[in-house]
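Novice: sequence-free structure coming up:
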């Protein structure tokens, strides 16, 4: 293993480069993802340098006092197999010491993650479809409800509060953020954002399969008919699987959702779309 690697926190501009690396790997990040990822934790990105050249990156974003999510684990292709990735991985996990840590990892690399104390919780799968269609009745913009209500609803589906991230996530240019009210309270919301290739829907949270479907078709309607869109679903939610099957979507790939520490209690049966493989 090389010992000349310099490891430090990444700057905002360097996060943009990590997103470009992710795009080159085929991860298809959102156009404005870096803005919101940075809002989540400005100290949550760690890189490795040889001299003045960055060769590795990882995100270790902290939420609240007890949770963190690991993603963006990339080593520049010409520098792989030299131990740089492991050094950055270990440095990243040190940043999250004492917290439950989640990740969405490559299925084939689960054994490597287990060596660092991670255990499988469930698999997520990315599905692809085409845009178009009609908006469902009763679906309204997220901006129509108080942000405190949105934040409180989202907290049912995530290990910690994430207000700064959500405020950015729902408001970027070209992003649709829709919700459904039932009985005077928020009963579901979803976001579709433009990506390097097409759009991604995420999150998609709903109290019932019917509300999830209304949000899904409404977000889909906002995507041009010629464009692809993607939805990342937890395979443990049979209603989410039924939704993508019903709308003729096809699977692209799977990830292993793993946790180091006790898996958080979240509303998985009402989760129809993961927010992001990179930040949870």
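Specialist: Alright, I've got the coordinates. Not measured: the values here are computed from a predicted model. Residues are numbered from 1 along each chain as shown.
Novice: ok, now how distant is residue 189 from residue 201?
Specialist: In this view, residue 189 and residue 201 are 11 Å apart by C-beta to C-beta, to the nearest Å. C-betas here are computed from N, CA, C, even on glycine.
Novice: ranges for the strands of the stretch 51-200 of the chain?
Specialist: 53-63, 67-75, 100-106, 119-130, 139-141, 176-182, 185-194, 199-206 (DSSP state E, counting those that start in this stretch).
Novice: Excluding chain neighbours, give the residue nearest to residue 5 in space.
Specialist: Leaving out its chain neighbours, the residue that sits closest to residue 5 by C-beta to C-beta, 6 or more residues apart in numbering is residue 48, at 4.8 Å.
Novice: give me the beta-bridge partners of the one you found?
Specialist: Note on residue 48: beta-bridge partners by DSSP bridges are residue 7, residue 56.
Novice: List the residue ranges of the stretch 1-150 of the chain that fall below the pLDDT cut-off.
Specialist: Scanning the stretch 1-150 of the chain for pLDDT under 70 picks out 1-3.
Novice: ok, the spatially closest residue to residue 225 that is not a sequence neighbour to residue 243 distance?
Specialist: Nearest non-adjacent residue to residue 225, counting by C-beta to C-beta, 6+ apart: residue 132, 3.6 Å away. Counting by C-beta to C-beta, the gap from residue 132 to residue 243 is 17 Å.
Novice: Then residue 155?
Specialist: Residue 155 is 23 Å from residue 243, by C-beta to C-beta.
Novice: which residue packs closest to the spatially most central residue of the chain, ignoring adjacent ones?
Specialist: Computing the C-alpha centroid of the chain and ranking residues by C-alpha atoms, centre = their mean puts residue 276 first, at 1.0 Å. Among residues not flanking residue 276 along the chain, residue 202 sits closest, at 6.2 Å (C-beta to C-beta, 6+ apart).
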